[in-house]
Each structure stands twice: as structure tokens, then as C-alpha cells.
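K.L.:
this is a predicted model, with the sequence first.
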Amino acid sequence: MKTIVARALLVLGFVVTPVDAQLLESLKDAISGPPSQADIAAARQEVQSAAQQALSALYAIAPGARRSIEGAAGYAAFSTFGMKLMIAGGTSGKGLAVNNRTNSQTYMKMLQVQGGLGFGVSQNQLIFVFTNEAALSNFINQGWEFGSQANVSAMAGGEGETFSGAASISPGVYLYQITESGLSATLTVSGTKFFVDSDLN
């Protein structure tokens, strides 16, 4: 029931306006109630599995990414579910941010607004890599939001072959996007917000 309510609210929110992520979540909780401890435990396990699957998919496509991620300050892996219904659509997803130095884990959420006509369903995997502690801390504590033009960002080669196939989106921050056809040549993350999942932390 909670999943149905969440997706219904997601579609309604995106059809009307890019509703603030926290407000949408508060509305969902008001309707469906807060999650139980069993729900939280199951959701954490699901997010951890999805994050590991995202990393495995990346390593299969770009083996060099493993060394880049393991040598970085941390990373965040997201699995997304997108749907587009004629006028507008949206993508929701969950992820896990990991500090490689301390092994601490932070559960995250993402929401994306999409405009234009169309109909379809898509599933992507996003892996952020943070080369320094400050970049990782800012992502977790302040969240992240891509502007409306983020979908035209070209993939960068990184520093030599270190981050080959990733986009350099900010000093010390690289992003890999995996679609159904493989590692994407361009990012499609316009209008996307990333923020801490208050239910799971």
C-alpha cells in the first residue's frame, strides 16, 4: 500500500509542479503512516543489495572503476525507477553513501522531474565517486541538486584513465550512469535532488 501511495503521489506531484522532496515524503507518511521496524530493516537490506548490484554492473562494464572507487574517500550508489505518463514524469530511487575511511553508511533518496510528452518505464543505476572527504560530507549533509541543463553534460575521461567513462560534475566528484544499454555517454539527471533518507538512518 505504501509503495502504491508513494508512486501515486510522485506522479501527481510531477504533473503539477516539481514539489519539494521533503514535503512530498511528509505527505506520503501522513497518508500511509511511518514505517515499522520490520519495514526499515527490509528496506535497508534492499538498498544495500541494490547498491552492490550497481557497483557490480559498473565493474563489469568498466573494470578500472573498481580501483578508482576503492581508492576514493567514498562513493554513493543509487538504483532508480522512472516512469513517464504523457505530460510529465519522474524518477524515484534509493541509494547508499559509503565513507571508505570509516566504513559508515548513509541511506539516501533521489527524486527527478521530467518534462515533455511520452510514455515509458526506465531503470538506471548511478554511482557517485568522491575523491575527498569534504565532497562526500557535503553530498550527505547538504544534499545535491542538478539543474535543468544537467542532461547535456558530456562524459569526461577523468584524470587519465582513472575515471574513464565518468562525468566530472564538481571538483572531487565524478558520476557514472548505467542504463539498460550500458554505461551512458551522457548524463540524464536534470532536475534531480539527492537527500538523506530520514526513515532509514
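P.N.:
Sure, I can see it.

K.L.:
report the beta-bridge partner residues of residue 170.
P.N.:
residue 173 (DSSP bridges).

K.L.:
what's the spacing between it and residue 45?
P.N.:
Using C-beta to C-beta, to the nearest Å, residue 170 is found at 31 Å from residue 45. Using the backbone N, CA and C atoms, a C-beta is placed for each residue, glycine as well.

K.L.:
more neighbours, the two?
P.N.:
A count of neighbours by other C-beta atoms under 10 Å puts residue 170 above the other of residue 170 and residue 45, at 14 against 10.

K.L.:
show the pLDDT at that one.
P.N.:
What the model reports as pLDDT for residue 170 is 87.

K.L.:
for the one 10 residues further on, same thing?
P.N.:
Residue 180 carries a pLDDT score of 83 in this model.

K.L.:
do the one 4 residues further on as well
P.N.:
Note for residue 184: predicted pLDDT of 82.

K.L.:
begin at 39 from now on, thanks
P.N.:
Got it, the first residue is 39 from now on, which makes the last one we talked about residue 222.

K.L.:
without its sequence neighbours, what residue ends up closest to it?
P.N.:
With sequence-adjacent residues excluded and distances taken as C-beta to C-beta, 6 or more residues apart in numbering, residue 222 is closest to residue 215, at 4.3 Å.

K.L.:
part of a helix, is that neighbour?
P.N.:
No - Residue 215: not assigned to a helix; according to DSSP: H, G, I helix; E, B strand; the rest coil it is strand.

K.L.:
that one: neighbour count?
P.N.:
Residue 215: 23 neighbours (other C-beta under 10 Å).

K.L.:
residue contacts, it?
P.N.:
Neighbouring residues of residue 215 by C-beta atoms under 8 Å, 6 or more residues apart in numbering: 162, 163, 164, 205, 221, 222, 225, 226, 227.

K.L.:
can you check residue 163 too?
P.N.:
91, 92, 95, 96, 115, 116, 117, 118, 215, 216.

K.L.:
same check, this time on residue 185
P.N.:
228, 229.

K.L.:
mind checking how far it is from residue 227?
P.N.:
On the measure of C-beta to C-beta, residue 185 and residue 227 end up 10 Å apart.

K.L.:
all strands of this structure, in order?
P.N.:
112-124, 126-137, 143-152, 156-160, 163-168, 182-183, 205-208, 211-217, 220-221, 230-234 (DSSP state E).

K.L.:
so where is this protein shaky, pLDDT-wise?
P.N.:
Scanning the chain with the threshold set as pLDDT under 70 gives 39-71, 119-129, 151-160, 186-200.

K.L.:
run a quick neighbour tally on residue 179.
P.N.:
Burial of residue 179, expressed as a neighbour count using other C-beta under 10 Å, amounts to 9.
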